[in-house]
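Q: return a 3D structure for these sequence lines:
(one chain, ligands or ions: 1)
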Amino acid sequence: MKKIGVIGAGTMGFGISFYFAIHGIPTHVVDISNVELENAKEKLKTYYQLFNENGYPLPFSERETVSFLSYSTELNHLKDADLIIESATENLILKQELFKKLDLLAKPEAILTSNTSSLKLSDIALYVKKHRNRLLLTHFFNPAQIVPLVELLPSEETSTQIVDDIKTFFESINKTPIIIKREVPGLAANRIQVALAREALSLLEDGVLSKEDLEKTLYDGPGFRFAASGLLKIIDFGGLDVWSSVLQNLQKEIESEVRDFSIINDLVQKNAIGVKTGKGFFEYPNKGFDEFVLQRDSELLKHLLNTRYKLLNRDL
Ligand SMILES: NC(=O)c1ccc[n+]([C@@H]2O[C@H](COP(=O)([O-])OP(=O)(O)OC[C@H]3O[C@@H](n4cnc5c(N)ncnc54)[C@H](O)[C@@H]3O)[C@@H](O)[C@H]2O)c1
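A: All right, here's what the predicted structure looks like:
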């Protein structure tokens, strides 16, 4: 990729563009808000330092990395981009308008993608005519600059060559692209996460265990094992015979209703929405949101470097 365009300089747009820049890929970021663009420039310095401090192999100096990024409020700057990733606010009409414009201004061989979490590619691309075989979802996981997974969802019209090219590109920069073969809301990772959340929050709301013990259960139980392998290998190790019985016995016992969780809604009513307001299920005193996020990202970076990155880049 000679040039990438990223639309949106918020949480995800920042992470995506930062990741391309540390890999030396010229990236132009477009946002309607100059404030967001300025924030993204500031965050770049903070994250370069964080990656450096944690020992992430950065092939370019901070100055060089900064030089790979450019910013504007004008979509026109994306007309020579090879790949354009839309990561603007989650709003269908806004995204439809953006894709309508991109379809007209992007060069014919450009690939157009969206990072939407909940909207359908077919809806977002309603007005796209010229690039219909060059469209897909590229769904990153927050923080996009650290979490390896990128879910790819092509449409029925997307050429297989484009899917292969995008997959190869992400692999070349140590992301983990996976292909979703058919349009399902939430793709794979968010669906699995919501299934987990439904059961965990039901156990909490029904008083089966305390919030502290729920955290320990996941962190030191399934989460601990997931750090080493995916689900199917866990089943292979446990034995398919065992899992077959467990699934049969327990599936009917777990929560399968769509619930309105008062355990969350009551806290939202009190503006206890989590780290952003200093209180959610737990308290987050003395530091601001950004500091807590940096602390978390430092932990995630250590994990990345100790696991995936070491394996993928033995010689770096
Ligand atoms: N936050 C997450 O955990 C997460 C994870 C995966 C995917 N996503 C998806 O990524 C996208 C962005 O989410 P986010 O969390 O970064 O949101 P955000 O609110 O942090 O950032 C959105 C940015 O888009 C900008 N914007 C709005 N309209 C625009 C336009 N017409 N042109 C250019 N810029 C515009 C806003 O100014 C803002 O800076 C959404 O589609 C969301 O569903 C979010």
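
Q: which residues touch Ala88?
A: Ala88 makes contact with Ile7, Gly8, Gly10, Gly13, Asp31, Leu94, Lys95, Leu98, according to Cβ atoms under 8 Å, 6 or more residues apart in numbering. (Each C-beta comes from the backbone N, C-alpha and C, glycine too.)

Q: among the residues you listed, which ones are in helices?
A: Gly13, Leu94, Lys95, Leu98 (DSSP state H).

Q: grab the nearest non-local neighbour of the first one.
A: Same thing as Gly13. The shortest distance from Gly13 to any residue other than its chain neighbours is 4.2 Å, reached at Ser87 (Cβ to Cβ, 6 or more residues apart in numbering).

Q: thought Phe14 was touching that neighbour, still the case?
A: No: using Cβ atoms under 8 Å as the test, Ser87 is too far from Phe14 to be in contact (9.0 Å).

Q: for Ile25, which three-state class applies?
A: coil (DSSP: H, G, I helix; E, B strand; the rest coil).

Q: nearest residue to the residue in the chain positioned nearest to the ligand other than its sequence neighbours?
A: Across the chain, no residue is closer to the ligand than Gly10, which sits at 1.8 Å (Cβ to the nearest ligand atom). Excluding its sequence neighbours, the residue lying closest to Gly10 (Cβ to Cβ, 6+ apart) is Glu36, at 6.1 Å.

Q: so what touches the helix or strand containing that neighbour?
A: For Glu36, the host element (DSSP states H and E) is helix 34-53. Identification of contacts with helix 34-53 by Cβ under 8 Å, 6+ apart yields 8-10, 13-14, 17-18, 21-22, 29, 31, 58, 62, 65-66, 69, 71-73, 145, 294, 297-298, 301.

Q: what of stretch 173-180?
A: Stretch 173-180 is contacted from outside by 19-20, 23, 25, 137, 148-154, 163, 166-167, 170-171, 187-188, 308-309, 312-313, using Cβ under 8 Å, 6+ apart.

Q: these in helices, which ones?
A: Tyr19, Phe20, Val163, Ile166, Lys167, Phe170, Glu171, Leu312.

Q: widest-spaced pair of the residues you listed?
A: Greatest spatial distance in those: Val163 and Leu312, 21.6 Å, computed using Cβ to Cβ.

Q: the more surrounded of these two?
A: Neighbours were counted for Val163 and for Leu312 using other Cβ atoms under 10 Å; Val163 has more, 17 against 12.

Q: thank you, goodbye.
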